[in-house]
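> from the sequence below, what's the structure:
(one chain, ligands or ions: 1)
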Amino acid sequence: MSSRYPAAWLDELRSRSDIVQIVSGYVALNKKGRKYWGLCPFHGEKTPSFSVDGEHQLYYCFGCKAGGNVFHFYMEMEHCTFSEAVAQLAERAHMTLPELEKDDDYERRRTQRERLLAANKEAARFYHETLFTPKGAPALAYLRRRGLSDGVIRKFGLGASSEEWSDLSDRLLEKGFTLDELVLAGLTVRKKKEDGSDRYYDMFRSRAMFPIIDAYGNVLAFGGRTLEKKEPKYMNTSDTPVFNKRKGVFAANLLRQQRHLDRVILVEGYMDVVSLTQFGVEGVCATLGTALTAEQARLLKRYAPQVYLGYDGDSAGQHAILRGLDILEQENVPARVLDFPDGLDPDEFIRRDGAEGFSKLPAISPAAYRLRRLKEQFDLSAQDGRLAYARGAAEIVAAVDPLERDVLLGQLALETGFTRETLAEQMNLSARKAAAKPKEPAPQARVSGPNASAAPQSEDQKAQELLLSLFASGQIPKDMIEEKDFDDDELKSLYRELAGGASPASLPDLAPDEASRSRYTRLLLSPTANSTDEMISMANDCLNRINRTKLERRYEALSQEISSATGEQLSALLQEATEISDKLKKLK
Ligand SMILES: [Zn+2]
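Presented below is the predicted three-dimensional model:
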């Protein structure tokens, strides 16, 4: 996109499309304090953690971290693009769409991303076309051998990279993309020849190609399955300016289309996703060649109230399940483990037993799964083994709800020969030990304020974030805060936009991806304060905290330097240390 709506016009549209009113059309909202609260439309929940901030015109869910301005809300609810949301809201507000304007600054920010996405889309098209030509025959044969229909091949936009060196690169260069862009997008590899000129070749060759598409239909990257028994079996695009393998999932575009899923099934391989989808299973996705991350867990929460792990039965898969369960638990996402029989992977299972068999697969609880894994480590025919297993099991059982605990205790009694009473006693001991350990803040405590976040933060970081939100409120003197008060790049850039006159509601439009949009929104929510005076005094506290941290850091560095300094340098350092120590005393 080389042009955009004029900022002033968008501001006008935003102010005529009151977010509280628009959201109320979809979600029942109650006013509590300065914000409106309701049940989040993007993840299943029973107590409201979805908030609408009428002052800053933003929405944010403290449960699944969905957030943005009125345009994003509309996009998410209506499954439409930004331009479509703008057009529809404009019609509603009786505003005519303006001429698109050219804006160099905006262009600089946007152009690279959009050029890379365009190159990826063109590449996906090319790979897909190639699949049905003689050069793509080996890939097509492979996909057919795996039982894929033409319908599902089209649905996922699967393709083929040929064995030629530079088919794709040549095509994209012809289309006007530069070699720099292709290298940046991870599509092309460049090597310098001895005479200094460039040699280049395609990143993916002789592979069946799986485009990785985000929820908005952008092609972010590719996965390629080898056809020649070459390692690696699967190769993914490395991280690029438009792709971060830790943040997205494979088939996010389909998840977005499948509304009201009661669970998302996370599998390991792209082929598993395609195969299960062909058999009619909905809500299947896969991580992008890495173990499940916290970002992905939070993303999945937006599509369904619980996640089923459908990993392979091999030992790598089993290990991945334990890690995945831990991550999901940390992010408060209810999870289950699909129990595939006979060591089958999801693809093999559905081919053998069909969709019918798949729907009847047992989905076991995290605790039951952890017990099963634990049990394998011990010899239960020996007294020592039973004892060690019972101790470990008590810890697992102590963490579950009373009903499941009752079932598991019964099972444990049978397995170990200890009575339920003894096991319950051991369990209480474990529970007390666990309680004595420092715990993560409860979810309730976490959702208490605009600056709450899932990741533990330093006091300094918290102060910087609160300071930004105070600045965004426009109620404290502008000259009170400077860019150098922030040391985080995102905070600095948000500060610059706000100082330049941008409204808080306009800033989520600048976020490069969903995760950043969520963070921007959280940072820009209006602060919880009753008066301007209170805000000013909060800002002062933040500035003190930030200065204190800076001085403390400098003081620490000084003591290092002092230990190895001599002569004049030493006395200068000592002088500075004394001054800092005086300043710190005054700040406390
Ligand atoms: Zn939510």
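> C-alpha only now, for contacts and for neighbours.
Fine.
> can you give me the helices for the stretch 1-150 of the chain?
7-16, 19-24, 70-78, 82-92, 104-131, 137-145, 150-155 (DSSP state H, counting those that start in this stretch).
> including mean pLDDT and distance to Ala565, could those helices go into JSON lines?
Listed next are the helices of the stretch 1-150 of the chain as JSON lines, based on pLDDT from 0 to 100; distance: least, C-alpha to C-alpha, whole Å:
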{"stretch": "helix 7-16", "mean pLDDT": "88", "distance to Ala565": "55"}
{"stretch": "helix 19-24", "mean pLDDT": "94", "distance to Ala565": "60"}
{"stretch": "helix 70-78", "mean pLDDT": "90", "distance to Ala565": "56"}
{"stretch": "helix 82-92", "mean pLDDT": "89", "distance to Ala565": "59"}
{"stretch": "helix 104-131", "mean pLDDT": "85", "distance to Ala565": "46"}
{"stretch": "helix 137-145", "mean pLDDT": "96", "distance to Ala565": "67"}
{"stretch": "helix 150-155", "mean pLDDT": "96", "distance to Ala565": "68"}
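> nearest to the ion, of these?
The ion sits nearest to helix 70-78 of all the helices of the stretch 1-150 of the chain, at 11.8 Å, using C-alpha to the ion.
> and the closest residue to the ion within the stretch 101-250 of the chain, what does it touch?
Nearest residue of the stretch 101-250 of the chain to the ion (C-alpha to the ion) works out as Ala215 at 16.4 Å. Taking C-alpha atoms under 8 Å, 6 or more residues apart in numbering as the criterion, Ala215 is in contact with Ala252, Asn253, Leu254, Leu255, Arg256.
> so it: helix, strand or coil?
Of the three states, Ala215 takes coil under DSSP: H, G, I helix; E, B strand; the rest coil.
> so what pLDDT did the closest residue to Cys40 other than its chain neighbours get?
Excluding its sequence neighbours, the residue lying closest to Cys40 (C-alpha to C-alpha, 6 or more residues apart in numbering) is Phe50, at 4.9 Å. Predicted confidence (pLDDT) at Phe50: the value is 95.
> on that earlier part again, mind putting the helices of the stretch 1-150 of the chain into a markdown table with distance to the ion and mean neighbour count?
Below are the helices of the stretch 1-150 of the chain laid out as a markdown table (distance: least, C-alpha to the ion, whole Å; neighbours: other C-alpha atoms under 10 Å):
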| stretch | distance to the ion | mean neighbour count |
| --- | --- | --- |
| helix 7-16 | 22 | 16 |
| helix 19-24 | 14 | 18 |
| helix 70-78 | 12 | 21 |
| helix 82-92 | 20 | 16 |
| helix 104-131 | 28 | 18 |
| helix 137-145 | 37 | 17 |
| helix 150-155 | 28 | 14 |
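> after the worst-scoring helix or strand of the chain on mean pLDDT, heading C-terminal, what element do we hit next?
Scoring the helices and strands of the chain by mean pLDDT, DSSP states H and E places helix 443-446 at the bottom, with a mean of 36. Using DSSP states H and E, the next helix or strand after helix 443-446 towards the C-terminus is helix 459-472.
> pLDDT on that following helix, on average?
Helix 459-472 shows a mean pLDDT of 91.
> show residues contacting it.
Contacts for helix 459-472 (C-alpha under 8 Å, 6+ apart): 451, 476, 478, 481, 485-486, 491, 495, 498, 503-504, 523-527, 535, 539, 542-543, 545-546, 549.
> okay, and which of these map to helices?
Using DSSP state H, the members of the contacts of helix 459-472 that fall within helices are Leu491, Tyr495, Leu498, Leu523, Leu524, Met535, Ala539, Cys542, Leu543, Arg545, Ile546, Thr549.
> count of residues packed around the residue of the stretch 51-200 of the chain found nearest the ion?
Taking C-alpha to the ion as the measure, the stretch 51-200 of the chain has Cys64 as its residue closest to the ion, at 4.0 Å. The number of residues packed near Cys64 is 25, by other C-alpha atoms under 10 Å.
> got it, and Val189?
The number of residues near Val189, taken as other C-alpha under 10 Å, comes to 18.
> poorly predicted segments of the stretch 251-400 of the chain, please.
259 (pLDDT under 70).
> which residues of this structure lie near the ion?
Residues of the chain lying near the ion by C-alpha under 5 Å from the ion: Cys40, Phe42, His43, Cys61, Gly63, Cys64.
> any idea how far Phe42 is from the last one?
This points to Cys64. 8 Å (C-alpha to C-alpha, to the nearest Å).
> cool, and the fourth one?
Relative to Phe42, Cys61 is positioned 9 Å away (criterion: C-alpha to C-alpha).
> so for the two, which residue has more residues nearby?
More crowded of Cys61 and Phe42, by other C-alpha under 10 Å: Cys61, with 25 against 21.
> check contacts around the more buried one.
Cys40, Ser49, Phe50, Ser51, Gly67.
> would you check that the second one makes contact with Pro41?
Looking back up the chat, that one is Ser49. No: using C-alpha atoms under 8 Å, Ser49 is not in contact with Pro41; the gap is 10.4 Å.
> farthest-apart pair in the contacts of Cys61, please.
Based on C-alpha to C-alpha, the longest span within the contacts of Cys61 runs between Ser49 and Gly67 and measures 11.8 Å.
> between Cys64 and Phe42, which contacts overlap?
Lys301, Arg302.
> nearest spatial neighbour of Cys542, chain-adjacent residues omitted?
With C-alpha to C-alpha, 6+ apart as the criterion, Cys542 has its nearest non-adjacent residue at 4.8 Å, and that residue is Ala463.
> quick one: Ala382 and Thr416, what's the gap?
10 Å.
> so which of those two has more stuff around it?
Thr416 (19 against 10).
> excluding chain neighbours, what is closest to that one?
Thr416 sits nearest to Arg386 (C-alpha to C-alpha, 6+ apart), 5.4 Å away.
> the one you found: how many residues sit nearby?
19.
> please apply the same query to the one 3 residues further on.
Here the number of neighbours of Tyr389 (other C-alpha under 10 Å) works out to 22.
> quick one: contacts for it?
Leu374, Lys375, Phe378, Leu380, Thr416 are the contacts of Tyr389 under C-alpha under 8 Å, 6+ apart.
> try Gly283
Gly283 touches Leu254, Leu255, Gln258, Leu261, Arg263, Val264, Ile265, counting by C-alpha under 8 Å, 6+ apart.
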